[in-house]
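>>> Here you go, sequence then predicted model.
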Amino acid sequence: IISNSEQKGTLLEVHRDPPLEQRKICIISILLAVNNSNTPPPSVPNDIMVQVTQASPSSDNKNPEQQQQGCCGGKQQKSPEQIEQEEIAAIQLYVREMHRDGKYEEALEVCETLIQKCEQAFGVNHPVTASSYNNAAVMHKMLGNYNEARTRYQNALGVYEKVVGQDHSSYASALNNLGNLAKSQVQLDDTLTALERLQLLQSSVDYIQQALNIRILELGEDHPHTVTSRSNLGGALAAQFLHSTANKTKSSSPQITQQQRDMAEEHLRTALKLALKNQDKISKPKENDGGLVAIRSLSAAAAAQNLAVFLKVIADQHTTNPNGETNSMDMYLEAKWLYEQALAVRKEKLLGHFHHDTIATMSSLAELRAAIGDEEGASQLRQEILNSLEQVVSSEEKET
């Protein structure tokens, strides 16, 4: 789950012709101009951290000879420390933009530079430095560098433990990210043994459970970050359940696997319920034709996506092995509605068809439509995905 952002940030196009250092200088200049205006900064995805520490004004700034004269009166010159901190904040926002646009390799290069600047400006044991470790970890994860991502996440976790303690929401964020990394690696890393998968799934559940406990105490049950952790925990438990049933391990009795499934579904449904409640605090609720509350926020869309994935997989299992009283078609239809709602929100709030989250939802919905016999609808979505990817590739080719 990448984003709980509710606002669209300023879009900055960066051509690929100049060298990376020149592009960084250019983008920093633009972002500094934005930061010094009255324009609010763009919102940030949940895994990407932007933390800024304001330096205390230097006593040297009191010297009249260091005043900058403008048409509206004198203004203090910024200290070197303030300039350095503003540059770091600008780079953090640039990393956020590249992450959103899927430019992970380029973003990772900038992240490594950012780490060096943060360590020099603030030292290792500082929240801003921890956020730079976290952001590098996100890029490593997106590139499939799981061990490197884990190391950087653990770097961030260690700093937060020293600086803010184990009961702080920043520490919980690092735990949550480590849990999601473990689950992603199980899903995407084909080199893992069965034992390694089992161990990673258990660590995913443990990390995210810790994060959820901290966030409940620190932020409250219905805080968006708490809702995210609850939904992530449901996803981790579901993955653990599916692994147990697929491999039919001797240590997993039918009773245990059923408990895992029930717990997963409970967390996923609770997370969606809380996300819908939160969106209704912001704007008046709307109902669709079926009398159901429409999903309007990215947080609710993410929770809906997670629940839909779970329902679709469970329905697939019952279709393959139709024992018990569960109605597979009911689960398929509920998952379909959730996917469609999530897709509508992501198209509206995440760069339309081109964002990786939007494409992921389109792909999931196409697979579900095929599963229920709607091949025409599935084909239309797949063609839409291909068209979107072709436009992305064409756009990147024009920049090179």
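In hand now; what should we look at?

>>> ok, residue 315 - contacts?
328, 329, 331, 332, 335, 371 (C-beta atoms under 8 Å, 6 or more residues apart in numbering). C-beta: built from backbone N, CA, C; applies to glycine.

>>> Specify the local secondary structure of it.
Following DSSP: H, G, I helix; E, B strand; the rest coil, we place residue 315 in the helix state.

>>> Hmm, residue 274 and residue 300 touching each other?
No - between residue 300 and residue 274 there is no contact under C-beta atoms under 8 Å: 9.1 Å.

>>> ok, those two, which is more surrounded?
Per other C-beta atoms under 10 Å, whichever of residue 300 and residue 274 has more neighbours is residue 300, with 30 against 21.

>>> does the residue nearest to residue 377 when sequence neighbours are not counted sit in a helix or strand, and which one?
Leaving aside its sequence neighbours, residue 377 sits nearest to residue 369 (C-beta to C-beta, 6 or more residues apart in numbering; 4.3 Å). Taking DSSP states H and E as the criterion, residue 369 maps to helix 356-371.

>>> in that helix, what's buried?
356-362, 364-366, 368-369, 371 (16 or more other C-beta atoms under 10 Å).

>>> With stretch 162-173 instead?
Result for stretch 162-173 [16+ other C-beta under 10 Å]: buried residues 168, 169, 170, 171, 172, 173.

>>> what's the model's confidence in stretch 198-206, averaged?
What stretch 198-206 shows for mean pLDDT is 96.

>>> Also stretch 99-119?
91.

>>> Check stretch 360-367 too.
Mean predicted lDDT for stretch 360-367 stands at 93.

>>> hmm, back to that, pick out whichever of the buried residues of helix 356-371 sits closest to residue 391.
residue 359 (11.5 Å; C-beta to C-beta).

>>> Now do the contacts for the closest one.
353, 385, 388, 389.

>>> Serialize these to TSV and add fields for secondary structure.
Output for those, formatted as TSV (three-state DSSP):
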residue	secondary structure
353	coil
385	helix
388	helix
389	helix
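
>>> Out of these, which end up buried?
Here, 16+ other C-beta under 10 Å leaves 353, 385, 388 buried among the contacts of residue 359.

>>> what residue ranges in the stretch 151-300 of the chain are flagged as low confidence?
248-256, 283-292 (pLDDT under 70).

>>> One more pass at 80, please.
Counting by pLDDT under 80, the ranges of the stretch 151-300 of the chain that qualify are 245-257, 282-293.

>>> ranges for the helices of it?
169-188, 194-219, 224-247, 254-282, 298-320 (DSSP state H, counting those that start in this stretch).

>>> Can you add distance to residue 124 and give the ones you listed back as CSV?
CSV is the format used below for those (distance: least, C-beta to C-beta, whole Å):
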stretch, distance to residue 124
helix 169-188, 15
helix 194-219, 23
helix 224-247, 25
helix 254-282, 35
helix 298-320, 33
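
>>> quick one on the thing from earlier: which among the buried residues of stretch 162-173 gets closest to residue 110?
Nearest to residue 110, judged by C-beta to C-beta, of the buried residues of stretch 162-173 is residue 173 at 20.7 Å.

>>> correct me, but the closest one touches residue 229?
No - assessed by C-beta under 8 Å, residue 173 is found out of contact with residue 229, at 9.1 Å.
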